[in-house]
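J.: Just the structure for this:
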Amino acid sequence: MNWQEKIRTIPDYPTPGILFRDLTPLWQDGTIFRHLVEAMAEKAKSWAPQLVLGIEARGFIFAAPLALMLGVGFAPARKEGHLPFETYRVQYQLEYGLSSLEIHRDAVKPGMRVLIVDDLLATGGTGKAACRLVEEAGGEVAGLLFAVELEGLGGRQTLQPYRVESLARLP
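T.: Okay, here's the model as predicted:
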């Protein structure tokens, strides 16, 4: 099954010069979607996470079923102002602007091993922000897991020294 061929590349989205990788076709195919979540669960099992933290918004799509498969809880990392309770917040640089990420203050318990999940690794800025949130809450980053990694954008280097895995690497 060559699921990578189903990923759409959309030029100049959300801003000129950006090549957006659209994973929507992967989620629309139940067989591929199941395969991806199962492959992520297989990679993550040995990391012994106690919580899966999904990054808004496409990371939620993988993180929630992955948490169920691993038998652990799920927590969302959302953009500023979208969580109703008290939050931890970090600001970070995206490849196309500045953003903020938040988690609820009670999402991560001190010492908890947290697996951070997103659909795609590009420059690593959002993943690094999620790591900072987990650590600010007193948790331990078990690792970061992505369905797709875009090589050449430095994301893996940005996320050092954390453990980083992806199911596929694209140019």
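J.: Could you identify the longest helix within this protein?
T.: helix 30-44 (DSSP state H).
J.: Pull out the buried positions in that one.
T.: Residues 32-33, 36-37, 40-41, 43-44 are the ones in helix 30-44 that count as buried (16 or more other Cβ atoms under 10 Å). All C-beta spots, glycine's among them, are computed from the backbone N, C-alpha and C.
J.: same for that helix, what does it pack against?
T.: helix 24-28, helix 58-70, strand 140-150, strand 164-170 (3 or more Cβ pairs under 8 Å, 6 or more residues apart in numbering; DSSP states H and E).
J.: next one: that helix to chain centre, how far?
T.: 14 Å (Cα atoms, centre = their mean, to the nearest Å).
J.: now for the helix or strand following that helix, which elements pack on it?
T.: Counting by DSSP states H and E, the next helix or strand C-terminal to helix 30-44 is strand 51-55. In terms of contacts (3+ Cβ pairs under 8 Å, 6+ apart), strand 51-55 is packed against helix 58-70, strand 73-79, strand 113-121, helix 125-136.
J.: strand partners of strand 51-55, parallel vs antiparallel please.
T.: strand 73-79 (parallel), strand 113-121 (parallel) (DSSP bridges).
J.: need the contact list for the residue positioned nearest the centre of the chain.
T.: Among the residues of the chain, the one closest to the centroid is Asp118, at 1.8 Å (Cα atoms, centre = their mean). Shown in contact with Asp118 (Cβ atoms under 8 Å, 6 or more residues apart in numbering): 54-55, 58-59, 62-63, 126-127, 130, 144, 146.
J.: Looking at the residues you listed, which one is closest to Pro11?
T.: Among those, Arg58 lies closest to Pro11 (Cβ to Cβ), at 18.7 Å.
J.: Please work out which of the helices and strands packed on helix 30-44 is packed deepest.
T.: strand 140-150 (a mean of 23; mean count of other Cβ atoms under 10 Å).
J.: And that strand, how far out from the chain middle?
T.: 6 Å.
J.: Where does the prediction get shaky in the chain?
T.: For the chain, the stretches with pLDDT under 70 are 1, 95-96.
J.: Touching, Gly152 and Leu170? I think so.
T.: No. Assessed by Cβ atoms under 8 Å, Gly152 is found out of contact with Leu170, at 9.4 Å.
J.: Now distance to Trp3 too, for the helices and strands packed on strand 51-55, in JSON lines please.
T.: Listed next are these as JSON lines, based on distance: least, Cβ to Cβ, whole Å:
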{"stretch": "helix 58-70", "distance to Trp3": "13"}
{"stretch": "strand 73-79", "distance to Trp3": "23"}
{"stretch": "strand 113-121", "distance to Trp3": "13"}
{"stretch": "helix 125-136", "distance to Trp3": "22"}
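J.: Kind regards, and thank you for your time.
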